[in-house]
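Peer 1: here is the input, now give the coordinates:
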Amino acid sequence: MPVGILYIDDVFYFTSGPKTRKARNIARNPNSVISIATHDFDLVVEGSATKVVDTSHLQRIADAFKKEGWEPTVVKGGLTAKYSAPSAGPPPWNVYEVKPETIFALGTADPYGATRWNFQTSTRRK
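Peer 2: As a prediction, the model looks like this:
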């Protein structure tokens, strides 16, 4: 399912209503994949999704979303706004962060090819 993604300081952020299938799936298994298509290559980002609940962290994310044209407000444990994607469910929306553990780049234009990067995280399973 396509979702709006925000990228700040090497971390990806997205929102979802607490009763959505996405939120329930993350609660059961936080392993996540984010796919990003560009003209020259596609990215596949793997990492664990973690719910953001710290108010100052949520405010920083809300401020970054505002720079992109969406006007969310921080409420206890999430964000609210005049609108969001219908698939996000009703507000307030949870905010999740995904710190990349592995990123794949797949060429979609000449010279094509593929590569992979692995990142160490403090929560990475051994």
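
Peer 1: please save the CA atoms from stretch 84-91 in CSV.
Peer 2: Presented in CSV, the C-alpha positions along stretch 84-91 are these (Å, rounded to 0.1, in the frame of the first residue of the first chain):
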residue,chain,number,x,y,z
SER,A,84,-4.9,12.7,5.4
ALA,A,85,-5.1,9.7,3.1
PRO,A,86,-8.4,7.8,3.5
SER,A,87,-6.4,4.6,4.1
ALA,A,88,-4.8,6.2,7.2
GLY,A,89,-8.2,5.9,9.0
PRO,A,90,-9.5,8.7,11.3
PRO,A,91,-7.2,10.8,13.4
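
Peer 1: all the helices of this structure, residue numbers only.
Peer 2: For the chain, the helices defined by DSSP state H occupy 21-28, 55-67.

Peer 1: now render the ones you listed as a markdown table, adding distance to Phe14.
Peer 2: For glycine as for every other residue, the C-beta is placed from the backbone atoms N, C-alpha and C. Formatted as a markdown table, the helices of the chain follow (distance: least, C-beta to C-beta, whole Å):
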| stretch | distance to Phe14 |
| --- | --- |
| helix 21-28 | 9 |
| helix 55-67 | 10 |
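
Peer 1: in TSV: those, plus mean neighbour count.
Peer 2: Formatted as TSV, the helices of the chain follow (neighbours: other C-beta atoms under 10 Å):
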stretch	mean neighbour count
helix 21-28	14
helix 55-67	15
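
Peer 1: many thanks, have a good one.
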